[in-house]
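> Curious how this folds, go ahead:
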Amino acid sequence: MVDSRFTEFLSVLDDRIREARLGELDSEGVLPLDPREMAFTNVFLDDMTDIGLISDSDTVYFEKKLGRANGKLNGYGYSEDGAQIVLITTISGGEAIEEQKNAPQSEVLAAIRAALHVYKEARKPFHLEMEESTQERDMVERFHSGQNEVNTIRVLVLINGVLGKFSGFEQPEDLPNVTVDLWDTERLFRAASSGLAYESIAINLEKILGEPLSCLSAPVTVKGHSCYFAVIPGDVLYQLYHEHGPRLLELNVRSFLQARGTVNRGIRDTLQNTPEYFLAYNNGISATVESLDLVDDGAGRTSIRSVTGLQIVNGGQTMASIHRAKDRDKADLSKVYVQAKITKIDPVFVGSLVPMISRFSNTQNKVNETDFSANHPFHVKFQQLSEKVWAPGEVDRWFYERARGQWEVARIREGTTPKKLATFDKRAPRQQKIDKNILAKVQNAWGELPHTVSLGGQKCFVGFMSGLSKLGSKWEPDEGYYRDSVAKVMIFKRAEKIARQIKFSAYQANAVCYTVSLLAYRTAGRINLETIWKNQDVSEALEQTMRNWMPRVHEEIVESAEDRNVTEWCKKKECWGMIQSLDVEFPAGFEEELAAGQPLPNVGKFTERKGAKPKTLSHEERERQAKVMKIGPIEWQEMIMWMMNQPEYAGFPVQICSTILGYSVIGWQKVPSPRQTKNLIEYLDAWNEFRDNQDES
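Residues are numbered from 1 along each chain as shown. Model (predicted):
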């Protein structure tokens, strides 16, 4: 008997694929050119990222005969340290997802071989023969340049249908270790509907160790959980991380920061130089499990035979550092042992207990509350506001999704008749749907962080949540924040529509987020968001501004990358610095509709003194001005306090920075002169160098 929930899941998935493929039809009938296979790939990966099954990835369709064999990929991704590469390939199946055709083993094997063939051939410099400034070339070039770092290849096969019998895949002799991960719609449904933020992993410790893992059980003081303490060999942790990787880390949020920080460097040095002291020096790991199989030896000693649903909630850096030490540095882990606190949590308490364990555990690298934000109070409150605040006219409202697919589920469940369906579509139109990842993207772009948006959905979301945490635990969104946020979404959606009409051959998403960030930056927060909310639309002047700027922004992104990988360049703060200094102008009439404030600095004119003839800023002067006006009052204050303790900056340097602090406090109603910015850049460079050194120590 077919599970009705699975049928509903497929229906929602089909709606989302159709939306990803077609998007919103605009007045000129322009649609995104996204074939169904890539739309399926994007939607499938979105869900896997949300569940924590994969870190951020790039979707790129590549299919070409390379040598004597065909190569095909639908996307790729890398671990933080570049040691693992994920090759994504899709078996598209039928046109309608409800068909759920079987994927035979021969088709799956062919897809795996085609994906690996692209990577094998990319180790040769065939990207030099490809068209420049394309995402396909960026992908192949990344494979080529990073080949010496990769020690594990994970082939992720996404199946639009049901996986048939699969007996396995033979490891190629000429490639690093290859693992194959097969995902069909049934497996995605099971993972998405389990109620967990990850897919349960079953681990047989007795098989790995050769015997059960000895442990001590703590007294049970409250229902819902029980604790066990154990000492685990370093080689076992290496094996677990090597096989399961970031899937062991809750929501896959904590990433390995390589050996840049003091803590990680200390872990690395201990593993290399004094491994016998690792147990004494290291704080160990904290883990949660859904269940465990205990065995009693009859003499009162308890051991763990196997565990299910293992998640490392603290100590991810330790796990990744141990893995890196053996993989990269060839460290001997035979003397390495790690203490572990293992907490068995009843399923009904997973959502409430796991975040608190992560928050309060004593760990070397603190996990912020924002890392675990599926049910964060901000999103709960924002959803409540979306249900309460109606658009002007009280006819419709915007629909906020805390989880993907909520809009489609609500539509299916409420629209049980054609009349009810029409009522739902009128009350909550599809084009007025916002999910938490889109909100994070929009707010980061508006917050002048396009390089963070370009990092991908997961890192973009974590960056947004980290920014919210700085507002304090007592802050929560109100109706004003909600209306402003929706207005920013409307601006972003209009930018996406413009990009579709321009039809960029590549880097369309980057052009959109950088254009929106440039708009926020150049207007110094003077766009009247309340007017956009009241009109439920952007003005003609605002739309024309983005239409004029976007091709320039796109061109500058590509050109400023020079010989660098454009996709990777867009993720750098330096790229944003180049766009900030771009010489662009506002169309006639746009200045008049902005809120009161400074004369816009980007018009290219500056009066050195009263009565003097306006002077056109040079590119260098404009870039300096952009960098100076990026700094807010709080940072100017911190910098001035630091300078007052540095003898070389006494007197004039402190005075000029204090003057600029005043400019920033009043919203840049006065603009720094080229002469001022020349000195200020020197001071800012010294201040940034000091802060970088502080971070390292």
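
> What are the structural domain limits within the protein?
As recorded under automatic domain parsing, the domains making up the chain are 4-192, 202-370, 382-596, 620-697.

> weakest of these in terms of mean pLDDT?
Of all those, the minimum mean pLDDT falls on domain 202-370 (a mean of 78).

> ok but Glu63 is inside a strand, no?
Yes. Read with DSSP: H, G, I helix; E, B strand; the rest coil, Glu63 is one of the residues of a strand.

> what's it in contact with, if anything?
70-73 (CB atoms under 8 Å, 6 or more residues apart in numbering). For every residue, glycine as well, the C-beta is placed using N, CA and C.

> Likewise for Arg427?
395-397.

> again, but for Thr515
Per CB under 8 Å, 6+ apart, neighbours of Thr515: 495, 546, 549-550, 553.

> In strands, which of these appear?
In strands, judged by DSSP state E, none of the contacts of Thr515 are found.

> quick revisit: just send the domains of the chain back as CSV, with distance to His376 too.
Listed next are the domains of the chain as CSV, based on distance: least, CB to CB, whole Å:
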stretch, distance to His376
domain 4-192, 14
domain 202-370, 7
domain 382-596, 7
domain 620-697, 25
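
> circling back to that earlier point, switch the contacts of Glu63 over to a markdown table; also include distance to Lys503 and secondary structure.
Formatted as a markdown table, the contacts of Glu63 follow (distance: CB to CB, whole Å; DSSP: H, G, I helix; E, B strand; the rest coil):
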| residue | distance to Lys503 | secondary structure |
| --- | --- | --- |
| Asn70 | 28 | strand |
| Gly71 | 26 | strand |
| Lys72 | 24 | strand |
| Leu73 | 23 | strand |
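
> By neighbours, which of the residues you listed wins?
Greatest neighbour count in the contacts of Glu63, by other CB atoms under 10 Å, goes to Leu73: 28 neighbours.

> any idea how far it lies from Thr152?
Relative to Thr152, Leu73 is positioned 17 Å away (CB to CB, to the nearest Å).

> Figure out the helix or strand that the closest residue to Gly71 other than its chain neighbours lives in.
The spatially closest residue to Gly71, leaving aside those adjacent along the chain, is Val118, at 3.8 Å (CB to CB, 6 or more residues apart in numbering). In this structure, Val118 is located in helix 105-122 according to DSSP states H and E.

> Check which helices and strands that helix sits against.
When contacts are defined as 3 or more CB pairs under 8 Å, 6 or more residues apart in numbering; DSSP states H and E, helix 105-122 sits against strand 58-66, strand 69-78, strand 84-91, helix 135-145, strand 152-159, strand 177-184.

> Output the first one as PDB, restricted to C-alpha atoms.
Think strand 58-66. Provided in PDB are the C-alpha atoms of strand 58-66 (Å, rounded to 0.1, in the frame of the first residue of the first chain):
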ATOM      1  CA  ASP A  58      27.400  24.400  -7.000                       C
ATOM      2  CA  THR A  59      25.000  23.100  -9.700                       C
ATOM      3  CA  VAL A  60      26.600  23.100 -13.100                       C
ATOM      4  CA  TYR A  61      25.400  21.100 -16.100                       C
ATOM      5  CA  PHE A  62      28.300  19.600 -18.000                       C
ATOM      6  CA  GLU A  63      28.000  16.900 -20.600                       C
ATOM      7  CA  LYS A  64      30.600  16.200 -23.200                       C
ATOM      8  CA  LYS A  65      32.600  13.400 -24.900                       C
ATOM      9  CA  LEU A  66      36.100  13.500 -23.400                       C
END
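
> Just give the strands next to it in its sheet, each with its orientation.
strand 69-78 (antiparallel) (DSSP bridges).

> Residues contacting the strand it pairs with, please?
37-38, 41, 45, 54-65, 84-90, 111, 113-115, 117-118, 121, 139, 142-143, 146, 158.

> 7 Å instead?
For strand 69-78, contacts defined as CB atoms under 7 Å, 6 or more residues apart in numbering pick out 38, 41, 45, 54-64, 85-90, 114-115, 117-118, 121, 139.

> One more: stretch 336-343?
225, 227-234, 237, 271, 275, 278-279, 282, 284-289, 318, 322, 357.

> Relative to the whole chain's centre, how far out is it?
Computed by CA atoms, centre = their mean, to the nearest Å, the chain-centroid distance of stretch 336-343 equals 30 Å.

> Over to stretch 230-242?
Relative to the chain's own centre, stretch 230-242 is displaced by 28 Å; criterion: CA atoms, centre = their mean.

> In CSV, list the C-alpha atoms belonging to it.
What follows is stretch 230-242, C-alpha atoms only, in CSV (Å, rounded to 0.1, in the frame of the first residue of the first chain):
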residue,chain,number,x,y,z
ALA,A,230,34.1,6.4,27.1
VAL,A,231,37.7,6.7,25.8
ILE,A,232,37.8,6.2,22.1
PRO,A,233,41.0,5.4,20.1
GLY,A,234,42.0,8.1,17.6
ASP,A,235,42.1,5.6,14.8
VAL,A,236,38.4,4.9,15.3
LEU,A,237,37.5,8.6,15.2
TYR,A,238,39.5,8.9,12.0
GLN,A,239,37.7,6.0,10.4
LEU,A,240,34.3,7.4,11.4
TYR,A,241,35.0,10.9,10.1
HIS,A,242,36.6,9.4,6.9
